[in-house]
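Chemist: Below are the sequence and a predicted model; questions follow.
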Amino acid sequence: VIDAMINMANAMLDRDFYADGLTLDDLGIGHMTKEELLDYLNNGVYKA
């Protein structure tokens with residue numbers, strides 16, 4: 001479903017969000033393990 005939404009937005013806005021989009025590092029969470037990310041999302045505990 002999310003891929004379909006991105007594809008529709010690409011077509012509607014004539015933009016490539018796959019190429020221009022943010023990475024996990026841009027969001028400050030690229031260094032986290034799966035467990036750390038889940039803890040951050042569920043409990044707000046950010047591991048630097």
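Modeler: Structure received. Numbering: from 1, shown residues only.

Chemist: quick one: buried residues of the worst-scoring helix or strand of the chain on mean pLDDT?
Modeler: Lowest mean confidence among the helices and strands of the chain (mean pLDDT, DSSP states H and E): helix 17-20, at a mean of 91. Judged by neighbour count (16 or more other C-beta atoms under 10 Å), helix 17-20 contains no buried residues. C-beta here means a position set from N, CA and C on the backbone, and glycine is covered the same way.

Chemist: starting at the chain centroid, how far to the next helix or strand after that helix?
Modeler: The helix or strand immediately downstream of helix 17-20 is helix 34-43, counting by DSSP states H and E. Put simply, helix 34-43 sits 14 Å off its chain's centre (C-alpha atoms, centre = their mean, to the nearest Å).

Chemist: next one: stretch 20-34
Modeler: 7 Å.

Chemist: Check which residues of that stretch are buried.
Modeler: residue 32.

Chemist: Okay, now it: how far is its last residue from its first?
Modeler: Terminal residues of stretch 20-34 lie 24 Å apart, using C-alpha to C-alpha, to the nearest Å.

Chemist: Run through who's touching it.
Modeler: 37, 40, 47 (C-beta atoms under 8 Å, 6 or more residues apart in numbering).

Chemist: Against residue 20, how distant is residue 31?
Modeler: Relative to residue 20, residue 31 is positioned 22 Å away (C-beta to C-beta, to the nearest Å).
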